[in-house]
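Asks: I would like to see how this sequence folds:
(2 chains)
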Amino acid sequence: MTEILWQEALMMNTNKINKTIRVNMKSKKLIINSLVIAVATFTMTGCSALQETMASQMEVPTLENQVNRVAIGMTIVRENNIMAYKIPISSDAIWPTLVSADIDENQTKYIDNVLKADPYYSTVHYTKAIQRKMLGSGALMSQFGDFGTLTAMILDQSVSPLAYRAVSKISIFYGEDAKQWPNIFSFDSAEGSFLDFKNATLQEIDSPTGDVYETLGEAVISLAPVSLQKDLESAREEMLEAFELTASLKDDKGEYDAELQADAANKKAKTKQKQKFLTNKEINEIKNELAVLEERIKQAESVADEKEAIYFELLDRATIALESDINIDDEAYVKLAKNINIVANEIDYGATEAYAAFGLALTNLGTTNAVLNFPKELVSLAVAKARVPSYLQSKYDKRVERLVKNAIYLLPNIFVGTYYASKQATLAQKYDDFTDVILEAYATKMEQNKAQDAAQKEASKKKLAQATN
Amino acid sequence: MKQIIATIMVLVITLLVSGCGAGPKIVIPSYTAPKEAAKLSKIETRDEFISDGAYLALFLSPEVKGAKETNPKLAQMLIDGVKAKLTETNFITLDPLGGEEGVTLSMKVSNYEYKNSGKKVSMALEVTFVLSRGVDEFLVKKYKARKNRQSSDPNKLPSENELASSAVSKVVKYFISDVSPLKTHQMREFKPLPKELKHVISYAKRKNYKGAIKLMENFKGEKDLNYHYDLAILYEAEASITESLKLLDSASINYEKAVQLGGIEDEMVMNAKAKFDNFYELLNKTKKQDKANQALRDDRDSMAGSSDDEYE
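Replies: Numbering: from 1, shown residues only, chains lettered A, B, ... in the order given. Below is the predicted model of the structure:
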């Protein structure tokens, strides 16, 4: 089984990905890309994305590391989608605070422990040394010359900083029981259901005192001046309907793509088992369907973009109108604004993390020759297999199987993921601007009340002192 | 290549070193404008025996259709809610007697649904508000409110009446904001002042706008755009608390001076002035209307008094 998978990988992935990489990547561009990612990361986010950049320069330059990095990027984009469109929110929901909090030592240990069950994380310790020996170290470690390998072994992290944050959010959305979690390394297709985790149910939120809103958008609209709420609601509904239509068309396209790819893989694998292959006529029919679908997707995307622009325009108007009607006497209203603001910031931050993950993967693919070296990487995995204990052998096979499957969708997922991350960042910034008006007014009011109280206390003290004298 | 790197470095340093220099801010009370302003003329009542001008008054029909069948407390909640919101500004007054010539507000519960499934409670409320004079129903509006609460501990969840009260507040606010100004808040940002006036902001931060105005009025230095703009804000803030039309006029004069001194090119000045102009008009209207409405209240009081005397 594993042998077949390696053959597939050698034939399909190397050729397919090499072509794209060779054409698109020039060394100068890559250096600038890396710089831009580093600068953007430094200026736009806190530590995790920057740590990821450093970590990527210390790790063994494998295609697998980039595949996993893209999986984490996709996980972040999907988590952003949950926060923006799936999980209910209220003024007393605690998940916004939890997702934005730093990860402490206990959580780190918990995540490490959970990831021990994963095919990659459970076996990576057995393969890393051999792979480092056969494939070398990352760019940063190479600067250390002879000491590079040793330094890399000491500093290198198996679970990246972005992975910790992504997995931590999964535990908040789906509960502490990892059996209830979706598989974050599942790359079924590049476009079909890209934004959704499969086979997992979100946890219920606790909200006894604040109204529960099904989505972040509904909560935002509830804070808008009453006169604009109806327009905002209908614009948002139309936008979501347009998104839904686009997603369903992409789902259909994903299914056709997968059918063609599976057929190509089956034909190339040349297994002895009898299999039913697609005929040329069937392939042409599917290709025709795909061409029609692509055109329909283009049209649907253009409509969705237009609907989104209308919704954003109304949100901008609502932000201006809000400046003249800030309801800061209602504590629940302010608390809801605070929660939305935290989530908007977290989505924006997540989008930057996703950019960093996709950007680093793309850059590393070019700078490290990971694609060209993929055959060598597979050989290194074959060599390392002997070191993996027998009780982990099945997991090891799953790891290779997953790598081969996910490598096919690596580049499309980077591009699709970057597109969605950019959409999410724009939405989050609108919600952030909107709620900032309320929060700034509330903070100013509190500051004024505090100063007024202090002045009154001071005046009373003086009066008392004068009376005593 | 070097140029690109240098540009990026400069960009980073600029981003890190510079900050957005926003000035100090204060929150001031304000009014929202009624959304159905065009319908207000229909509420106006002229009665030469009561007042020279037109007054805005509503007779609140005590019967709330559909309330008894759903929640016996709902009718009182709606009536109390309307009274509380209307008296926030007294732009429209309540006429306890009503009459054939007057305007009546009738309410009807069009939908009431309460669900309790242990860990989740929800309420859907829809109320129709009807404003009529005689048989002419000139404003009919429906408002909905939905309330959802959930908790793993059912004891923490609100009761049916608590949810109903919260839903009623929402629909009443929606309706009253259609026909009357409502109290709200706005923010104003100060511009930098000369060092002789550095205490002005401290006074303003303590809501001592009167003291801040005094400091400004005693200033002997150059009175530029910033001076008049900040003074306008202080007058506006004090006027919004005391609802004094005289202070509001002083604010208006200073905004005008700030505009004349170059404020017309300044986004911050024009934004604040635009908001002020709305407030200026609304407060003027509200105060004038309140005065006109007072004649009706006095008339009703005297009627109540005379009937007491007669009884005695």
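Asks: report the contact partners of the residue nearest to B:Leu74 when sequence neighbours are not counted.
Replies: Nearest non-adjacent residue to B:Leu74, counting by C-beta to C-beta, 6 or more residues apart in numbering or on different chains: B:Ala67, 4.2 Å away. Using the backbone N, CA and C atoms, a C-beta is placed for each residue, glycine as well. The neighbours of B:Ala67, taking C-beta atoms under 8 Å, 6 or more residues apart in numbering or on different chains as the test, are B:74-75, B:78, B:109.
Asks: just the pLDDT at B:Ala67, thanks.
Replies: Predicted confidence (pLDDT) for B:Ala67: 89.
Asks: A:Arg296 in helix, strand or coil?
Replies: Secondary structure, DSSP: H, G, I helix; E, B strand; the rest coil: A:Arg296 is helix.
Asks: what is the neighbour count of the closest residue to it other than its chain neighbours?
Replies: Distance criterion C-beta to C-beta, 6+ apart; nearest residue to A:Arg296, sequence neighbours excluded, is A:Leu249 at 5.5 Å. For A:Leu249, the count of nearby residues is 21 (other C-beta atoms under 10 Å in any protein chain shown).
Asks: can you check the one 5 residues further on too?
Replies: Residue neighbour count, defined by other C-beta under 10 Å, stands at 20 for A:Gly254.
Asks: now do B:Asp80
Replies: With other C-beta under 10 Å as criterion, B:Asp80 counts 13.
Asks: if I pick it, what's in contact with it?
Replies: Neighbour list for B:Asp80: empty [criterion: C-beta under 8 Å, 6+ apart].
Asks: that one sits in which helix or strand?
Replies: helix B:74-86 (DSSP states H and E).
Asks: and which of the contacts of B:Ala67 is nearest B:Lys173?
Replies: Nearest to B:Lys173 among the contacts of B:Ala67: B:Leu78, at 12.0 Å, using C-beta to C-beta.
Asks: residue contacts, that closest one?
Replies: B:Leu78 is in contact with B:64, B:67, B:107, B:109, B:127, B:168, B:172, counting by C-beta under 8 Å, 6+ apart.
Asks: out of those residues, who's the most crowded?
Replies: Highest neighbour count within these: B:Val127, with 28 neighbours (other C-beta under 10 Å).
Asks: A helix includes B:Val64, no?
Replies: No. With three-state DSSP as the criterion, B:Val64 is assigned strand and is not in a helix.
Asks: count of neighbours near B:Pro181?
Replies: 24.
Asks: helix, strand or coil for the closest residue to it other than its chain neighbours?
Replies: Of all residues not flanking B:Pro181 in the chain, B:Tyr31 sits nearest, at 4.0 Å (C-beta to C-beta, 6+ apart). Judged by three-state DSSP, the three-state class of B:Tyr31 is strand.
Asks: hang on, B:Tyr31 packs against B:Phe279?
Replies: Yes. Taking C-beta atoms under 8 Å as the definition, B:Tyr31 is a contact partner of B:Phe279 at 6.1 Å.
Asks: hmm, the longest helix seen in chain A in reach of chain B?
Replies: Under DSSP state H, the helix in chain A containing the largest number of residues is helix A:410-468. Yes. Interface with chain B: helix A:410-468 contributes A:437, A:440-441, A:444-445, A:447-448, A:451-452, A:454-455 (C-beta under 8 Å from any C-beta of the partner chain).
Asks: next one: the helix or strand hosting A:Glu301 to chain centre, how far?
Replies: Assigned by DSSP H and E, A:Glu301 belongs to helix A:280-322. Relative to the centre of its chain, helix A:280-322 is centred 21 Å away, using C-alpha atoms, centre = their mean, to the nearest Å.
Asks: now for it, which elements pack on it?
Replies: helix A:226-269, helix A:410-468 (3 or more C-beta pairs under 8 Å, 6 or more residues apart in numbering or on different chains; DSSP states H and E).
Asks: and if we set it to 10 Å?
Replies: helix A:216-223, helix A:226-269, helix A:410-468 (3 or more C-beta pairs under 10 Å, 6 or more residues apart in numbering or on different chains; DSSP states H and E).
Asks: what's the helix or strand for the most centrally placed residue in chain A?
Replies: With distances taken as C-alpha atoms, centre = their mean, chain A has A:Ile76 as the residue nearest its mean C-alpha position (1.9 Å). Using DSSP H and E, the element containing A:Ile76 is helix A:63-81.
Asks: isn't there a strand covering B:Leu125?
Replies: Yes. Under three-state DSSP, B:Leu125 falls within a strand.
Asks: burial of it, as a residue count?
Replies: Residues near B:Leu125, counting by other C-beta under 10 Å, number 26.
Asks: repeat for A:Glu244
Replies: A count of nearby residues for A:Glu244, using other C-beta under 10 Å, gives 12.
Asks: could you pull up the residues touching it?
Replies: When contacts are counted by C-beta atoms under 10 Å, 6 or more residues apart in numbering or on different chains, A:Glu244 is found next to A:300, A:304.
Asks: check the gap between it and A:Glu237 for me.
Replies: Distance from A:Glu244 to A:Glu237, counting by C-beta to C-beta, to the nearest Å: 10 Å.
Asks: just A:Met446 next, same as before
Replies: Taking C-beta to C-beta, one finds A:Met446 at 36 Å from A:Glu237.
Asks: B:Ile28 is in contact with B:Ser240, isn't it?
Replies: Yes. Using C-beta atoms under 10 Å, B:Ile28 is in contact with B:Ser240, at 4.8 Å.
Asks: shared neighbours, these two?
Replies: Common contacts of B:Ile28 and B:Ser240 (C-beta under 10 Å, 6+ apart): B:185-186, B:188, B:209, B:276, B:279.
Asks: just those now: which is nearest chain A?
Replies: Distance to chain A, by C-beta to the nearest C-beta, is smallest for B:His185 among those, at 4.5 Å.
Asks: would you report the backbone torsion angles of B:Tyr114?
Replies: phi -120, psi 130 (degrees, to the nearest 10).
Asks: was I right to think it contacts B:Ser122?
Replies: Yes. Applying C-beta under 10 Å, one finds B:Tyr114 in contact with B:Ser122, separated by 7.5 Å.
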